[in-house]
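Engineer: predicted coordinates and the sequence they were generated for:
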Amino acid sequence: MDQSVAIQETLAEGEYCVIAVQGVLCEGDSRQSRLLGLVRYRLEHGGQEHALFLYTHRRMAITGDDVSLDQIVPVSRDFTLKEVSPDGEIYILGSDVTVQLDTAALSLVFQLPFGSQTRMFLHEVARACPGFDSATRDPEFLWLSRYRCAEPEPKLPTPRDCNSAPGGSNFDGLRPNGKGLPMDQNSSDQDKPESLQPRQNKSKSQITDMVRSSTITVSDKAHILSMQKFGLRDTIVKSHLLQKEEDYTYIQNFRFFVGTYNVNGQSPKECLRPWLSEGIEAPDVYCVGFQELDLSKEAFFFHDTPKEEEWFKAVSEGLHPDAKYAKVKLIRLVGIMLLLYVKQEHAAYISEVEAETVGTGIMGRMGNKGGVAIRFQFHNTSICVVNSHLAAHTEENARRNQDYKDICSRMQFYQLDPSLPPLTISKHDVILWLGDLNYRIENMDVEKVKKLIEEKDFQTLYEYDQLKIQVDKKTVFEGFTEGELTFQPTYKYDTGSDDWDTSEKCRAPAWCDRILWKGKNITQLSYQSHMALKTSDHKPVHSLFDIGVRVINDELYRKTLEEIVRSLDKMENANIPSVSLSKREFCFQNVKYMQLQVESFTIHNGQVPCHFEFINKPDEESYCKQWLNANPSRGFLLPDSDIEIELELFVNKTTATKLNSGEDKIEDILVLHLDRGKDYFLPVSGNYLPSCFGSPIHTLCYMREPILDLPLETISKLTLMPIQTEGNGSQLERPLEIPKELWMMVDYLYRNAVQQEDLFQQPGLRSEFEHIRDYLDTGMIDNLSASNHSVAEALLLFLESLPEPVICYSAYHNCLECSGNYTASKQVISTLPTFHNNVFKYLMAFLQELLKNSAKNHLDENILASIFGSLLLRNPAGHQKLDMMEKKKAQEFIHQFLCNPL
């Protein structure tokens, strides 16, 4: 999200926020979130001046009300930015960027998240610096006078005892009286649509004890990082180098520690060294994963947790004492956290670090289940580490398999070279997969399981292990290896003991916590659990590996490179690239809502290396319509080589309404462009089957028949019909009070699921959603066979797909203002159009029925208000996610209707 918009709202006429980045201000042991904005002011004589505006802010700044101006630092002649790095001038490409801002009067240290936004920010700051041209007048910053405080606070982190340099300013450290309350943003990270990435701070002592100034200024590095890495010739060189890799590299073994621990929402209560470092040599690399870091509703719905810092510190203190380690990356999705450390001497050989998350919880997004991953290049070997927490419960085997497949398909890492397509997990030399995979022991009663464990007959027990069975069927983890299980199951224990679960549920023991790997030159040295740690109902697991990494021999590399360059010099560059396509027309039949269809074709290259890319048509913002995607959309082909392109068609809530109404059709033309070559035009056609998903509420109320039984002209007419407060039956049939599809789902849940545990919190199966959609669109709900969780998720997806939410956009701000005043809130609801009013009251009545069964289904008002608040109340500005304050107000608004008579 572009947070410069929020800053712009606070500025005066003539002031413009060029770019903003979210960072952390480091002052001694303190870590405080700041939003940094580079503000430009155009002078009357035609010049311009810049200043850095520092804001305290809410979790994600959307409007000017979300930020409070804290300090202004003019970009004067004495203004410098220098990167600071850990002791020994270690620089790890992909780790957070630590920068030091200096003027004559102050010194500030910030941590900025690695990524394109930070690169662009640093590049713009470098361009804004006035330099030391004597012909240029010194900046005066008169425009900043309006920001002076009546009583400025001169407290500065590191004041310097020196006079102002030429071009200096007495505005340094200016702290104006801003609006709004400053709030510390503890664990958010920009560049994430759902703000799921955690803060990646160093430990409190690192900044003071390890940081020293680098010889490379940030402006220099920003320039380097902002450059496109490879032109055509360089890409050819890179491709040939990859083919000849064995000519200039050798294999060297490095020791990897891989650990996983489900901590059951607990804070660290004991030293982690028995798990992390006792009885082993100091590893070269640590990959440490946690699940269920925080089980609170705040962590689930708002993604904030103090336990991230607690467990990060516990791990840092538990690393092997015989070596010094540098933290490369920390990534967290709600309770799933992954930490990557390397020995300090290896840090210089770590590059291309990226981290991503995939939520697979309810509606395919919630982060209570899912995976986080870190990928990086170690010497010349690409490595991907995945930490996942898959669906729970013995009977949810299919859901676990689906979670695994979703993580594999949706986890994508963007490359430094923007011309290259994203990397998936499988596109790495080495993959290490750890986590609470939640596969259980099946077809064996609890007592029999315990007896085999007591006899240490793990081999017999393993035959009933769900993960083994699924791997043997090749449904998950195909090509992965797991070591022999020589330790007893790691779940479930009474917390604080080694006793098996004695609770009412009496869960059967299971090997939930696992570590698998895929790749060449990998040797597992150990695989064991640690019974000594008793904080959780799980036991931690670790595995040690010797992994053969390709290390470059510099001399051989230079020779290989010279040979490649010489051969390219002989190539006739005047040749025009030419390719052949296996298919040029594509037809997608009977496209359905949220059901992926894929058509593929092969590009075969001729004798000239070439870049290819799908390009925008004139006056269009993208190379294809929103429902279409080409994978990969660009790439590079060596002579006489092939690449398969997949055209993926997927209709979601964004595109369904216009396809229902006929305003859009499954028609497009792709333009495949060859660099220095010709263009190829690829027609795409097909037909879309209209669905209740993506249809307006009032439209569905006028559809007494299933949508697929209606003529397309009727569907189009009803979809384009404006919202009406009262039914106008002059030309249309008498409408239903609420959509029949909504009634079908709610009625099904009322009859079957009011006592269902974890309703609206546990996801269903995708295959079952497709059946539910088809039944709703054809009116055959009586034949529905689906789990309660799948129907509940379908209901949420239905509400999310409404082009106009249940509480209309026009009432959004009034609802937030009325949260906490039930009388005023009811008045706002009464102003909704008739059909929207009916739907809201119907849903609230159903949710109140669920709450009457809370002893069985374990639902409460807060859970339901959190889930339905963001679906029924949506920001009319088009933001997909509410910020934290809006989210809490929306929750409070819905909460009133759950606790009071309607």
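Structural biologist: Thanks, I have it. Residues are numbered from 1 along each chain as shown.
Engineer: where does pLDDT dip in the stretch 701-850 of the chain?
Structural biologist: 724-732, 781-782 (pLDDT under 70).
Engineer: now do the strands in it.
Structural biologist: Along the stretch 701-850 of the chain, no segments are classed as strands by DSSP state E, counting those that start in this stretch.
Engineer: give me the longest helix you can find in this protein.
Structural biologist: helix 834-851 (DSSP state H).
Engineer: in that helix, what counts as buried?
Structural biologist: 834-840, 842-844, 846-848, 850-851 (16 or more other C-beta atoms under 10 Å). For the C-beta atoms, the positions are set from N, CA and C on the backbone; glycine is no exception.
Engineer: again with stretch 318-333
Structural biologist: Buried residues in stretch 318-333, counted by 16+ other C-beta under 10 Å: 318-320, 323, 325-333.
Engineer: residue 741 is in contact with residue 701, correct?
Structural biologist: No - in this structure, residue 701 is not within contact of residue 741 by C-beta atoms under 8 Å, at 10.4 Å.
Engineer: hmm, back to that, got the contact list for the longest helix of the chain?
Structural biologist: Outside helix 834-851, the residues that touch it by C-beta atoms under 8 Å, 6 or more residues apart in numbering are 697-698, 701, 723-727, 735, 737-739, 742-743, 746, 749-750, 754, 759, 804, 806-808, 829-830, 832, 857, 859-861, 864, 868, 872, 897-898, 902.
Engineer: one step back: okay, and which of the buried residues of stretch 318-333 map to strands?
Structural biologist: Using DSSP state E, the members of these that fall in strands are 325-333.
Engineer: could you pull out the helices in the stretch 801-902 of the chain for me?
Structural biologist: 812-818, 822-830, 834-851, 854-857, 861-872, 884-899 (DSSP state H, counting those that start in this stretch).
Engineer: domain-wise, how is this structure divided?
Structural biologist: What the TED database lists as the domains of the chain is 3-130, 249-552, 579-688, 735-899.
Engineer: residue 146: which of these is closest?
Structural biologist: Checking the domains of the chain against residue 146 by C-beta to C-beta gives domain 3-130 as the closest, at 6.7 Å.
Engineer: average pLDDT across that closest one?
Structural biologist: For domain 3-130, mean pLDDT is 81.
Engineer: ditto for stretch 259-270
Structural biologist: For stretch 259-270, the per-residue pLDDT averages 96.
Engineer: same check on stretch 607-620?
Structural biologist: On average, stretch 607-620 scores 89.
Engineer: just stretch 308-328 next, same as before
Structural biologist: If you average the pLDDT over stretch 308-328, you get 94.
Engineer: export it as PDB, just CAs?
Structural biologist: Below are the C-alpha coordinates for stretch 308-328, written out as PDB (Å, rounded to 0.1, in the frame of the first residue of the first chain):
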ATOM      1  CA  GLU A 308       7.800 -12.800  18.300                       C
ATOM      2  CA  GLU A 309      10.400 -10.800  20.200                       C
ATOM      3  CA  GLU A 310      10.400 -13.200  23.200                       C
ATOM      4  CA  TRP A 311      11.100 -16.300  21.100                       C
ATOM      5  CA  PHE A 312      13.500 -14.500  18.800                       C
ATOM      6  CA  LYS A 313      15.600 -13.600  21.900                       C
ATOM      7  CA  ALA A 314      15.300 -17.100  23.300                       C
ATOM      8  CA  VAL A 315      16.600 -18.600  20.100                       C
ATOM      9  CA  SER A 316      19.400 -16.000  19.800                       C
ATOM     10  CA  GLU A 317      20.500 -16.900  23.300                       C
ATOM     11  CA  GLY A 318      20.300 -20.600  22.600                       C
ATOM     12  CA  LEU A 319      22.600 -20.700  19.500                       C
ATOM     13  CA  HIS A 320      25.800 -22.600  19.800                       C
ATOM     14  CA  PRO A 321      28.200 -20.700  22.100                       C
ATOM     15  CA  ASP A 322      31.300 -21.600  20.000                       C
ATOM     16  CA  ALA A 323      30.400 -19.500  17.100                       C
ATOM     17  CA  LYS A 324      29.100 -16.000  16.300                       C
ATOM     18  CA  TYR A 325      26.000 -15.800  14.200                       C
ATOM     19  CA  ALA A 326      24.400 -13.200  12.100                       C
ATOM     20  CA  LYS A 327      20.600 -13.100  11.700                       C
ATOM     21  CA  VAL A 328      19.700 -13.200   8.000                       C
END
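Engineer: out of the buried residues of helix 834-851, which is nearest to residue 512?
Structural biologist: For these, the nearest to residue 512 is residue 850 (29.5 Å; C-beta to C-beta).
Engineer: find the residue closest to residue 809 in space, skipping its chain neighbours.
Structural biologist: residue 876 (3.7 Å; C-beta to C-beta, 6 or more residues apart in numbering).
Engineer: you'd agree the one you found is up against residue 812?
Structural biologist: Yes - between residue 876 and residue 812 there is a contact at 5.3 Å, judged by C-beta under 8 Å.
Engineer: so between these two, which is more surrounded?
Structural biologist: residue 812 (20 against 13; other C-beta atoms under 10 Å).
Engineer: what distance do you get for the more buried one to residue 543?
Structural biologist: Per C-beta to C-beta, to the nearest Å, residue 812 is found 51 Å from residue 543.
Engineer: likewise for residue 710?
Structural biologist: 58 Å.
Engineer: what does residue 374 give?
Structural biologist: Taken as C-beta to C-beta, the span from residue 374 to residue 543 is 17 Å.
Engineer: and the strands in the stretch 401-550 of the chain?
Structural biologist: Under DSSP E, counting those that start in this stretch, the stretch 401-550 of the chain gives strands at 412-413, 423-424, 430-436, 513-519, 522-529, 541-552.
Engineer: residue 670: which of these is closest?
Structural biologist: Across the strands of the stretch 401-550 of the chain, closest to residue 670 is strand 412-413 (C-beta to C-beta), at 20.9 Å.
Engineer: show me what the closest one is packed against.
Structural biologist: Contact here means 3 or more C-beta pairs under 8 Å, 6 or more residues apart in numbering; DSSP states H and E; on that basis strand 412-413 packs against strand 350-359, strand 423-424.
Engineer: neighbours around residue 451, how many?
Structural biologist: 13.
Engineer: quick one: low-confidence ranges for the stretch 201-350 of the chain?
Structural biologist: Using pLDDT under 70, the stretch 201-350 of the chain drops low at 201-233, 297-304.
Engineer: and the strands of the stretch 401-550 of the chain as JSON lines, adding mean pLDDT, mean neighbour count and distance to residue 631?
Structural biologist: Below are the strands of the stretch 401-550 of the chain laid out as JSON lines (pLDDT from 0 to 100; neighbours: other C-beta atoms under 10 Å; distance: least, C-beta to C-beta, whole Å):
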{"stretch": "strand 412-413", "mean pLDDT": "91", "mean neighbour count": "18", "distance to residue 631": "10"}
{"stretch": "strand 423-424", "mean pLDDT": "93", "mean neighbour count": "18", "distance to residue 631": "10"}
{"stretch": "strand 430-436", "mean pLDDT": "98", "mean neighbour count": "25", "distance to residue 631": "20"}
{"stretch": "strand 513-519", "mean pLDDT": "98", "mean neighbour count": "21", "distance to residue 631": "22"}
{"stretch": "strand 522-529", "mean pLDDT": "98", "mean neighbour count": "16", "distance to residue 631": "29"}
{"stretch": "strand 541-552", "mean pLDDT": "97", "mean neighbour count": "21", "distance to residue 631": "28"}
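Engineer: which one of those strands lies closest to residue 674?
Structural biologist: Going by C-beta to C-beta, the one of the strands of the stretch 401-550 of the chain nearest residue 674 is strand 423-424, 23.6 Å.
Engineer: just checking, what packs against the closest one?
Structural biologist: Going by 3+ C-beta pairs under 8 Å, 6+ apart, strand 423-424 lies up against strand 412-413.
Engineer: next one: the strand it packs on to chain centre, how far?
Structural biologist: 10 Å (C-alpha atoms, centre = their mean, to the nearest Å).
Engineer: which residues does that strand contact?
Structural biologist: 354, 356, 373, 375, 384, 422-424.
Engineer: quick one: which of those is nearest to residue 273?
Structural biologist: For the contacts of strand 412-413, the nearest to residue 273 is residue 373 (26.4 Å; C-beta to C-beta).
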